[in-house]
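Q: next input, structure requested:
(one chain, ligands or ions: 1)
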Amino acid sequence: MTVPLPSLGFENTAFWTGGERGELLIHRCRDCTRWLHPAAPICRYCYSRAIGPEKTRGSGTVYSYTINRQPWLSTLPVPYAIAVIQLDEDPSLRLTTRLVDVAPDAVRIGLRVVVCFEQIEDVWLPLFAPEGATA
Ligand SMILES: [Zn+2]
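A: Numbers count the residues shown, from 1 in each chain. You can find the predicted model right below:
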């Protein structure tokens, strides 16, 4: 194990395991069609309970980022970039993740990125790499 893993539950299992099939799954409201991340049992926009995971394109842009230089985990070499990714489906759909296959000083706001997955035990961590980078 290289990083602490999330506990899987009813609402987040799709998000953390979709990578097994190469899919970044995000919950979406079937009534108002808004994306919901992190997932919740009720739509925060229209209060519908008709919510379920849906496949995204798995692409987006770096909305914001920071370079971590503190060795919090001996198994995760520093420095590395932690970024908020704005997914292409909706400008308000953002997730926080780690960037891979990019030098920290090459990260910029607006950088185009695509999802890739790192499997650890029963979890597929959705990480992001620059478009065109080889994972
Ligand atoms: Zn809704």
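
Q: mind checking how far the residue lying closest to Trp35 once chain neighbours are set aside is from Gln70?
A: Nearest residue to Trp35, sequence neighbours excluded (Cβ to Cβ, 6 or more residues apart in numbering): Leu93, at 4.4 Å. For the C-beta atoms, the positions are set from N, CA and C on the backbone; glycine is no exception. According to Cβ to Cβ, to the nearest Å, Leu93 and Gln70 sit 29 Å apart.

Q: okay, those two: which has more neighbours?
A: Leu93 (18 against 7; other Cβ atoms under 10 Å).

Q: ok, the more buried one - contacts?
A: Ile26, Trp35, His37, Gln86, Leu87 (Cβ atoms under 8 Å, 6 or more residues apart in numbering).

Q: Gly60 too?
A: Contacts for Gly60 were tallied using Cβ under 8 Å, 6+ apart; they are Ile85, Gln86, Leu87, Asp88, Arg112, Val113, Phe128.

Q: switch the cut-off to 6 Å
A: Taking Cβ atoms under 6 Å, 6 or more residues apart in numbering, we find Gly60 in contact with Ile85, Gln86, Leu87, Asp88.

Q: what does Ser48 give?
A: Applying Cβ under 6 Å, 6+ apart, we find Ser48 in contact with Cys29, Asp31.

Q: about what we covered before: could you save the contacts of Leu93 as TSV and add columns showing distance to Tyr65 and secondary structure?
A: Below are the contacts of Leu93 laid out as TSV (distance: Cβ to Cβ, whole Å; DSSP: H, G, I helix; E, B strand; the rest coil):
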residue	distance to Tyr65	secondary structure
Ile26	20	strand
Trp35	21	strand
His37	18	coil
Gln86	11	strand
Leu87	15	strand
